[in-house]
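Novice: Here is a sequence together with a model predicted from it:
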Amino acid sequence: GIQVEQSPPDLILQEGANSTLRCNFSDSVNNLQWFHQNPWGQLINLFYIPSGTKQNGRLSATTVATERYSLLYISSSQTTDSGVYFCATRGGSNYKLTFGKGTLLTVNP
Amino acid sequence: DTEVTQTPKHLVMGMTNKKSLKCEQHMGHRAMYWYKQKAKKPPELMFVYSYEKLSINESVPSRFSPECPNSSLLNLHLHALQPEDSALYLCASSHKNRATGANVLTFGAGSRLTVL
């Protein structure tokens, strides 16, 4: 099956800093999503981005499918951005989403 | 507020108990999922229902029994669980957009299960 690797595993920032999270995947994909899991466990869908670039406020994401990676940019980070960021993708199966191990982001005031 | 509602939010049960987790969505999604998540790990797929039929069972032990009574509801029946089954259980739903091909998962807030 598809392998999904995320880096870095942990990231500590001061409020206001910018960051880039990376997701590498081992095979062609037809789906890629970025999620944020808050400290209470809620998984929030940030982006559906199998290719190209999208922006939503201070967050943006870029997927280069031919090179098998995706990047999540967080600008002017806030303490509420803290949590775990997962990328997840599908290969051939329509339903099985494979998650990376996540990046634990801590934003300090 | 999430559009996928899970109940209960917290559940404590003994190893001999029978309990159920419930999930409901009213987005018209035709695929529904159960995921299990242990602390500091990513979610792991357990079951997928597509159009109310079980389409994926990821070799889950029979002490977990899923049920999809209709297109809006998904249950997970629990019986004779072990302490190692303690985890966050997440329900999700999705629907493929025929025009764009997008198939986006939407998760509920989860049910945190503790087995004593």
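Specialist: Right, received. Where do you want to start? Since the model is a prediction, treat every value here as computed from it, not as a measurement.
Novice: Hmm, residue A:58 is touching residue A:74, no?
Specialist: Yes. With contact defined as Cβ atoms under 8 Å, residue A:58 and residue A:74 form a contacting pair (6.4 Å). C-beta: built from backbone N, CA, C; applies to glycine.
Novice: Just give the strands next to the helix or strand hosting residue B:48 in its sheet, each with its orientation.
Specialist: Secondary-structure assignment from DSSP states H and E places residue B:48 in strand B:44-50. Sheet pairing of strand B:44-50 (DSSP bridges) gives strand B:31-37 (antiparallel), strand B:53-57 (antiparallel).
Novice: For chain A, name the helix or strand with the lowest mean pLDDT.
Specialist: strand A:98-99 (a mean of 92; mean pLDDT, DSSP states H and E).
Novice: by contact count, what packs against it?
Specialist: strand A:83-90 (3 or more Cβ pairs under 8 Å, 6 or more residues apart in numbering or on different chains; DSSP states H and E).
Novice: Where does pLDDT dip in chain A?
Specialist: Across chain A, the ranges flagged by pLDDT under 70 are A:92-94.
Novice: Close to chain B: what parts of it are there?
Specialist: Within chain A, the positions near chain B by Cβ under 8 Å from any Cβ of the partner chain are A:30-31, A:33, A:35, A:40-45, A:48, A:86, A:88, A:90, A:93-97, A:99-102.
Novice: just to revisit the earlier point, and residue A:58 and residue A:74? which has more neighbours close in?
Specialist: Each of residue A:58 and residue A:74 has its neighbours counted (other Cβ atoms under 10 Å in any protein chain shown); residue A:74 has more, 22 against 13.
Novice: Nearest the middle, which residue of chain B would you pick?
Specialist: By Cα atoms, centre = their mean, the mean C-alpha position of chain B lies nearest to residue B:34, the distance being 2.7 Å.
Novice: didn't that one look like it was pressed against residue B:87?
Specialist: No. If you go by Cβ under 8 Å, residue B:34 and residue B:87 don't touch, sitting 11.2 Å apart.
Novice: can you give me the strands in chain A?
Specialist: A:4-7, A:10-14, A:19-25, A:31-37, A:43-48, A:52-56, A:59-64, A:69-74, A:83-90, A:98-99, A:103-108 (DSSP state E).
Novice: Before I go, just wanted to say thanks for your time.
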